[in-house]
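Student: model this:
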Amino acid sequence: MTESYETAFPTHERPRVFVADDDPSQREFLKTLLAPRGYDISAFDRGEDLLDAVFKNPPDLILLDVMLPEKNGYEICKAVRENRAALGYIPVLLVSVLSDSLDRTFGSEAGADDFISIPFVPEELVSRIKSLLRTKKQYDQMAQSKKLLEEKNRRLLEMIDRLMEANGSSGRR
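Tutor: Take a look at the predicted model:
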């Protein structure tokens with residue numbers, strides 16, 4: 001049975017973006033900027049709430065403020081990266097009023113894919129989001145291809161074992 005990529009591995013109709021920022025006006029601005037461009041936005045005021053949602057229904061991208069109550073953006077980013085095996089690849093774009101190169105370094109070490117400082121040019125943010133989503137799509141396609149190849153390899157090895165048993169051999173060496 002041959003399946004096309006599209007039918008075997010459906011993608012989201014609208015890219016799901018989780019936004020975490022403790023500033024309600026920043027959350028609203030990001031929703032207002034991105035929703036009309038076709039993004040399905042879920043906004044959170046605490047990193048813990050975002051992290052709970054990520055584990056329940058992983059998004060396609062996370063926009064994450066660094067300075068959040070309780071767990072900061074770096075800690076949330078690390079938690080997402082440490083659970084990549086379960087979650088898959090989720091790009092994280094840190095969006096913060098912090099602008100020091102050390103803050104960018106901390107973000108990179110935490111596993112962030114990109115960092116943009118507030119204030120930013122809206123079109124630059126949209127461009128970075130598109131780029132990160134293209135990267136995610138490529139990663140997801142490679143992961144699915146790997147999964148298919150592993151399954152085909154498993155089936156092939158089972159067939160070899162059955163053929164060897166039918167021919168009186170003791171199995172693969």
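Student: find the nearest non-adjacent residue to residue 34, please.
Tutor: Nearest in space to residue 34, with sequence neighbours left out and distances taken as Cβ to Cβ, 6 or more residues apart in numbering, is residue 41 at 5.5 Å. Yep, even glycine has a C-beta here, placed from its N, CA and C like the rest.
Student: list the residues that contact the one you found.
Tutor: 17, 19, 30-31, 34-35 (Cβ atoms under 8 Å, 6 or more residues apart in numbering).
Student: strands along the protein, start to end?
Tutor: Using DSSP state E, the strands of the chain run over 16-20, 40-44, 61-64, 92-96, 114-117.
Student: could you dump those into TSV with distance to residue 154 added?
Tutor: Formatted as TSV, the strands of the chain follow (distance: least, Cβ to Cβ, whole Å):
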stretch	distance to residue 154
strand 16-20	31
strand 40-44	35
strand 61-64	32
strand 92-96	33
strand 114-117	37
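Student: so for the top helix by length along the chain, what's the average pLDDT?
Tutor: Scanning the chain for the helix with the most residues, using DSSP state H, yields helix 122-166. Averaging pLDDT along helix 122-166 yields 92.
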